[in-house]
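S.K.: 3D, please:
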Amino acid sequence: MAGVPQVSFSPKWLCAMALVLAAGMVRADFTVELDGGDRLEVHEAGAQGQGPLFLWLVNQYGELETPNAVIQVLAERGATVWRTDLLESLLLQRSSEAIRNMDGTAVAALLDAAVRSGRGPIVLVTCDRMSVPLLRGLRAWQEGGGDTTAVAGGILLFPNLYRGTPVAGEEPELLGIVAATNMPVAIFQPAMGSNRARLGELLETLYAAGSPAYAWMIDQVRDYYLLHSDEAENKALDTTTAGAMPQEVRQAIMDTPNQLLEAARLLAAAPRPTEVAALDERAETPIAPAYGLIEREPRPASEYALVDARGNRHELADNRGRITLVNFWATWCPPCVHEIPSMNRLAAAYDEREFGIVSINYREEPEHILEFMREVEVDFPVLMDQDGRVSDEWGVFAFPSSFILDREGRIRYSVNTAIEWDTDAVRQVIDALRGRTNASNWY
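M.R.: Numbering: from 1, shown residues only. Model prediction:
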């Protein structure tokens, strides 16, 4: 980007940086004391640096090789990085629920320690759900009388700032902290990420709160690109970030240090708020996930016209007259793959004129799907939603998401997680819909 010196890394730079870390080049630990006796364990890299001080909050999945390599590159570029694992320090479970319930106390204490160090500009950095305690910490620090000129703001990589997973087809709700954030914020949004279409809403909410928010679009990668590694480091990420690193992911990771340094300069130059933004505490309450088949008020499903992995065209209208299960999925989603055999069995139990399954794949290539289908039996068409538009129009937030349509193409049930499809409960729903052949029978 303009004004930023570019750095070239060898193709093996991640491995080299990992070896540097393993050799003990990260500075000795220190602790930040919290009220109540807890303490944050902090690891410091680049202590002699004259650049920004990044406060790096370790993600939900713990210490991983690639983010640590990026930290080391930042240190070599003149930045200082304080890395802390909030969940480990506070003895909290590594779960989305634990993160959504964290207040901002620990992050505010870390900010106080950073300000006392005299270094700066100070920038908080994290990814995914850990963005929630980051924003809460920024606001708690403001509320405690922190000098807003001493902290540049926060950088959020592929943030998840929602109250939880909604009923499939319904729009997710942002947590209240988003509308109560007026400190500068930069968002790194993967162009192929699941929340790409919601970036506008997120920015508008931040703008309305008074935040001078900025966004970087990271081309050709999905969420969690920064957590990629050749060998699986966390079971929960095995299918999303492990394996041979695609060139576009490698390039995105190599670009990250420059992008972070530029974002730090941008945030440091942004205007600062003079007051703390109001917080709607009611919107801070996480919502409980709705599992299993959820009956919906009948409404027409959004149209689609897509080709399947073999190049055949399909439209929603093709399914009129039969009950249809429409399933949104991706091969990198383990629950999606897990439910395929039970969907095969369910489809086999019915005459295809009475019931059928259509799966819509999210932003993968036909060649990849055909290769996948050589390994995993899929007895129904796989339609290619390569730009994600159809998934967005159907309100898909999590994968898998599924919808059961009646004979007239109206959504009657939805599911926002994987289930076993060939069960009596599911067949009873399908059979009830099969027996309803006109509108008068639905009410």
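S.K.: and Phe54, what helix or strand is that in?
M.R.: Element membership for Phe54 (DSSP states H and E) is strand 53-57.
S.K.: Dump the C-alpha coordinates for the following helix or strand past that strand into PDB.
M.R.: Sequence-wise, the next helix or strand downstream of strand 53-57 (DSSP H and E) is helix 65-76. Written as PDB, here are the backbone C-alpha positions of helix 65-76 (Å, rounded to 0.1, in the frame of the first residue of the first chain):
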ATOM      1  CA  GLU A  65       2.500 -21.100  14.900                       C
ATOM      2  CA  THR A  66       1.400 -18.600  12.200                       C
ATOM      3  CA  PRO A  67       0.200 -15.700  14.400                       C
ATOM      4  CA  ASN A  68       3.300 -16.100  16.500                       C
ATOM      5  CA  ALA A  69       5.500 -15.800  13.300                       C
ATOM      6  CA  VAL A  70       3.600 -12.600  12.300                       C
ATOM      7  CA  ILE A  71       4.400 -11.300  15.800                       C
ATOM      8  CA  GLN A  72       8.100 -12.000  15.400                       C
ATOM      9  CA  VAL A  73       8.100 -10.200  12.000                       C
ATOM     10  CA  LEU A  74       6.500  -7.200  13.600                       C
ATOM     11  CA  ALA A  75       9.200  -7.200  16.200                       C
ATOM     12  CA  GLU A  76      11.900  -7.300  13.600                       C
END
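S.K.: Confidence-wise, which helix or strand of the chain is lowest on average?
M.R.: In the chain, no helix or strand scores lower on mean pLDDT, DSSP states H and E than helix 13-22, which sits at a mean of 46.
S.K.: which residues of the chain fall in helices?
M.R.: Using DSSP state H, the helices found in the chain span residues 13-22, 65-76, 86-89, 96-100, 105-116, 131-143, 199-209, 238-241, 247-269, 334-338, 340-348, 366-375, 389-393, 424-434.
S.K.: Given the strand holding Phe54, what are its sheet partners and their directions?
M.R.: Sheet pairing of strand 53-57 (DSSP bridges) gives strand 80-84 (parallel), strand 122-127 (parallel).
S.K.: what residues go with each domain of this protein?
M.R.: Domains of the chain are assigned by automatic domain parsing as 13-284, 294-442.
S.K.: Quick check, Gly388 in contact with Met192.
M.R.: Yes: contact status for Gly388 versus Met192: in contact at 7.5 Å, counting by CB atoms under 8 Å. Where you see a C-beta, it was placed from the backbone N, CA and C, and this is true even at glycine.
S.K.: re earlier: name the stretch among the domains of the chain that sits most buried.
M.R.: domain 13-284 (a mean of 19; mean count of other CB atoms under 10 Å).
S.K.: in the sheet, who's paired with Asp385?
M.R.: Taking DSSP bridges as the rule, Asp385 bridges to Tyr362.
S.K.: gap between it and Ser391?
M.R.: Between Asp385 and Ser391 the computed distance is 5 Å (CB to CB, to the nearest Å).
S.K.: what touches both of these two?
M.R.: 328, 360, 362 (CB atoms under 8 Å, 6 or more residues apart in numbering).
S.K.: which residues are contacting the strand holding Phe54?
M.R.: Strand 53-57 is contacted from outside by 67, 71, 74, 79-86, 107, 110-111, 114, 117, 119-126, 130, 133-134, 260, 264, using CB under 8 Å, 6+ apart.
S.K.: circling back: so for His43, which of the helices of the chain sits nearest?
M.R.: helix 65-76 (8.8 Å; CB to CB).
S.K.: hang on, the earlier thing: of all the shared contacts of Asp385 and Ser391, which comes closest to Ser229?
M.R.: Taking CB to CB as the measure, Ser229 lies nearest Tyr362 of those, at 22.7 Å.
S.K.: Need the nearest residue in space to Ser194, chain neighbours excluded.
M.R.: Once flanking residues are discounted, Ser194 sits nearest to Asp223: 6.0 Å by CB to CB, 6 or more residues apart in numbering.
S.K.: Could I get the contacting residues of that neighbour?
M.R.: Asp223 is in contact with 128, 158, 190, 193-195, 240, counting by CB under 8 Å, 6+ apart.
S.K.: can you check Asp35 too?
M.R.: Shown in contact with Asp35 (CB under 8 Å, 6+ apart): 105, 109.
S.K.: ok, 10 Å please
M.R.: Taking CB atoms under 10 Å, 6 or more residues apart in numbering, we find Asp35 in contact with 105-106, 109.
S.K.: Equivalent analysis for Asp379, please.
M.R.: Asp379 neighbours (CB under 10 Å, 6+ apart): 340-341, 343-348, 357.
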